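K.L.:
Please work out how this folds:
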Amino acid sequence: MKTAAISFLRFTFLKSQRMKKYILMLVCLLVVSTTAEAQFGKRLQNAVQRSAENAVTRKAEQKTTETVNKTIDKAFDPKTATKEEKAQHEKEQKEKAAAEKKAKQDGKKAQNQSAEEVDEEEDEEEVAAPKDTKAAIEMTYAKSDFVAGDEIIFDDPMAGEKLGEFPSQWDLLRGNAEVMSLGNTTSIFMEAPGTSLAPLMKNMKSYLPDIFTVELDYWVNNYTETHERPSQNYRLQFYNADDRNVMELEFAEGSVRWNYKTPDGESRYGSLDVKEKIDSWSHISVSFNKRAFKAYINGVRVTNIPSMDVPVRLSINRTDWRDHRCAITNFRIAKGAVPLYDRMMTDGKFITYGITFDVGKSNIKPESLGEINRIVTLMSENPDLKFSVEGHTDATGNAASNQTLSEARSKAIVDKLVEMGVASDRLSSAGKGQNSPLADNSTDEGRAKNRRVEFVKM
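P.N.:
Predicted structure coming up:
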């Protein structure tokens, strides 16, 4: 009888040892699944919510581990266990103690941080990149051959948009979208898979000239934690005068794919892997010159098509089928660029919209470096040129604040040019605020034209 009891206990322990891992995996999967559903049910509104839910998940996993371990520990009898069983039990106890110590440390850290502190830390991680990283990004843009268009056709910096509402400058073709804050940036959340948007234009069927550029910022998800391989989240689609799709450009999460039509109607395609910073904003730029099409991710050219059918309109779509935060912002369409020297010789100055800033700040965005590099080249090739750099704003907000902002921005440009080798005595800065509008400030298009930098020949 005693031998049978011992055998039964050994069988129970070995079985429990095998079942331990499966039980723990199953329970943790259920906990994570429940947490994920709750997370996406709230539309993943911001980083604070994600941090709070992750803390809950860690506590739930810790409690589950303790419960399963206690149940299994009861089946272990040191008097009847073999030497191998004792060694295995000792190993598991050490692993359990280490896991519990780490869980307690993580829980204590989460409790000591308020929601505001978590939000601040994530924002700083996105914005305040290390200096060497910033330098590398600026160098990439400075070497880029992308040239932003001179005349704004459509511009949406998301200023004045209300959270939870449909974006005012867009038309919904299908799906669902609304304004949200992501990474401390107001953006368009493309909520439903298959969502498709088009910019509101006077002529919705045809508005792209034969030379144009398109730019936007898009959110890159942490795909490495959600699935095994990347899935594109976005697709820019371009249509010709016959309303046929002549270009599908899919991008985000580690790769770019394109499928296009030649002027003869032949279908061609290609793809390229790219490296993006996850859980952050990336920038895509597109240029079309009569028949040539190019695309750039964070200043790096990823597509160079010599001959494509001519597009006249576009749409932006969400393409993935998983629960992601698919968001875009700072969408701009502009008519193609005229050489800087030609513009200067005609008007005694040139206007640029290619130098952009963070909203309400004088921080020059990295994607501006391509335009700034062109100006450096122009001044290097023409050593007698001297410019007054004049910043202009639209009439949104306070006039005094706009004046101060324009002064700071024009000075920031001069400082950058001097940093890149232009002699300081060839440049001066002046802020014009909202006092010299080129267009009506009551319209989105007018405000976009008024937000500009002018290089006036001295």
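
K.L.:
Domain boundaries for the chain, per the record?
P.N.:
According to automatic domain parsing, the chain comprises the domains 2-122, 151-336, 338-458.

K.L.:
Pick out the shakiest of the ones you listed, pLDDT-wise.
P.N.:
Looking at the domains of the chain, the lowest mean pLDDT belongs to domain 2-122 (a mean of 49).

K.L.:
As a check, name the ranges of all helices in the stretch 301-450 of the chain.
P.N.:
Ranges of helices within the stretch 301-450 of the chain are 340-347, 369-381, 399-419, 444-450, based on DSSP state H, counting those that start in this stretch.

K.L.:
And those helices: which comes nearest M158?
P.N.:
helix 444-450 (11.0 Å; C-beta to C-beta). Using the backbone N, CA and C atoms, a C-beta is placed for each residue, glycine as well.

K.L.:
show me what contacts L208?
P.N.:
L208 sits next to I153, F238, F288, P311, V312, R313, L314, I333 when contact means C-beta atoms under 8 Å, 6 or more residues apart in numbering.

K.L.:
can we see that at 10 Å?
P.N.:
153-154, 201, 214, 238-240, 288, 310-314, 333, 335 (C-beta atoms under 10 Å, 6 or more residues apart in numbering).

K.L.:
Return the subset of these lying in strands.
P.N.:
Judged by DSSP state E, the contacts of L208 include I153, F154, V214, F238, Y239, F288, R313, L314, I333, K335 as members of strands.

K.L.:
Just give the number of residues close to the third one.
P.N.:
Here the neighbour count serves as a burial measure; for V214 (other C-beta atoms under 10 Å) it reads 25.

K.L.:
Not counting its neighbours along the chain, what's nearest it?
P.N.:
Take V214 and drop its neighbours on the chain: the residue closest to it by C-beta to C-beta, 6 or more residues apart in numbering is V286, 4.3 Å away.

K.L.:
Contacts only, for that neighbour.
P.N.:
V286 is in contact with 146, 212-216, 236, 238, 247, 249, 293-296, 303, 314, 333, counting by C-beta under 10 Å, 6+ apart.

K.L.:
So E248 is in contact with R268, correct?
P.N.:
No. Under the criterion of C-beta atoms under 10 Å, E248 makes no contact with R268, lying 11.4 Å away.

K.L.:
Would you mind telling me which of those two has the busier surroundings?
P.N.:
E248 (17 against 12).

K.L.:
Am I right that that one is in a strand?
P.N.:
Yes. Residue state for E248 (DSSP: H, G, I helix; E, B strand; the rest coil) corresponds to a strand.

K.L.:
The closest residue to it other than its chain neighbours: neighbour count?
P.N.:
Residue nearest to E248 in three dimensions, not counting chain neighbours: N259, with 4.6 Å by C-beta to C-beta, 6+ apart. Other residues near N259 come to 17 when the count uses other C-beta under 10 Å.

K.L.:
Tell me which helix or strand N259 sits in.
P.N.:
Element membership of N259, judged by DSSP states H and E, is strand 255-261.

K.L.:
Can you list the helices and strands that that strand packs against?
P.N.:
strand 234-239, strand 245-252, strand 267-273, strand 292-297, strand 300-305 (3 or more C-beta pairs under 10 Å, 6 or more residues apart in numbering; DSSP states H and E).

K.L.:
give me that answer again for 6 Å
P.N.:
Contact here means 3 or more C-beta pairs under 6 Å, 6 or more residues apart in numbering; DSSP states H and E; on that basis strand 255-261 packs against strand 245-252, strand 267-273.

K.L.:
And the contacts of the shortest one?
P.N.:
Pointing back at strand 267-273 there. If you take C-beta atoms under 6 Å, 6 or more residues apart in numbering as the criterion, strand 267-273 is touched by S255, V256, R257, W258, N259, Y260, V302.

K.L.:
what's the burial count for K365?
P.N.:
When neighbours are defined as other C-beta under 10 Å, K365 has 15 of them.

K.L.:
okay but it is in contact with T356, surely?
P.N.:
Yes. The criterion here is C-beta atoms under 6 Å, and K365 meets it with T356 at 4.8 Å.

K.L.:
quick one on the thing from earlier: name every strand pairing with the strand holding N259 and say which way it goes.
P.N.:
If you go by DSSP bridges, strand 255-261 pairs up with strand 245-252 (antiparallel), strand 267-273 (antiparallel).

K.L.:
highest average neighbour count across these?
P.N.:
Mean neighbour count (mean count of other C-beta atoms under 10 Å) peaks for strand 245-252 among the strands paired with strand 255-261, with a mean of 22.

K.L.:
What are the buried residues along stretch 191-209?
P.N.:
E191, P193, T195, S196, L197, A198, P199, M201, Y207, L208, P209 (16 or more other C-beta atoms under 10 Å).

K.L.:
contacting residues for the closest residue to the last one other than its chain neighbours?
P.N.:
This means P209. Leaving aside its sequence neighbours, P209 sits nearest to K335 (C-beta to C-beta, 6+ apart; 5.1 Å). By C-beta under 6 Å, 6+ apart, K335 lies in contact with G149, E151, I153, P209, F212.

K.L.:
Quick check: of these, which lies closest to R447?
P.N.:
Distances from R447 to those, taken by C-beta to C-beta, are shortest for I153, at 13.6 Å.

K.L.:
Neighbours of the closest one, how many?
P.N.:
A count of nearby residues for I153, using other C-beta under 10 Å, gives 19.

K.L.:
my guess is it contacts I333, does it?
P.N.:
Yes. Counting by C-beta under 6 Å, I333 is a contact partner of I153 at 4.5 Å.

K.L.:
List the buried residues of stretch 415-428.
P.N.:
K416, L417, M420, V422, R426, L427, S428.

K.L.:
Widest-spaced pair of the residues you listed?
P.N.:
Farthest apart among the buried residues of stretch 415-428 by C-beta to C-beta are M420 and S428. That separation is 16.8 Å.

K.L.:
Could you report the separation of the residue lying closest to F350 once chain neighbours are set aside from T213?
P.N.:
With C-beta to C-beta, 6+ apart as the criterion, F350 has its nearest non-adjacent residue at 3.9 Å, and that residue is R343. R343 sits 16 Å away from T213, going by C-beta to C-beta, to the nearest Å.

K.L.:
N233 too?
P.N.:
N233 sits 22 Å away from T213, going by C-beta to C-beta.

K.L.:
now N317
P.N.:
In terms of C-beta to C-beta, N317 sits 20 Å off from T213.

K.L.:
coming back round to it: was I right about the residue nearest to E248 contacting E250?
P.N.:
No. In this structure, N259 is not within contact of E250 by C-beta under 6 Å, at 8.3 Å.
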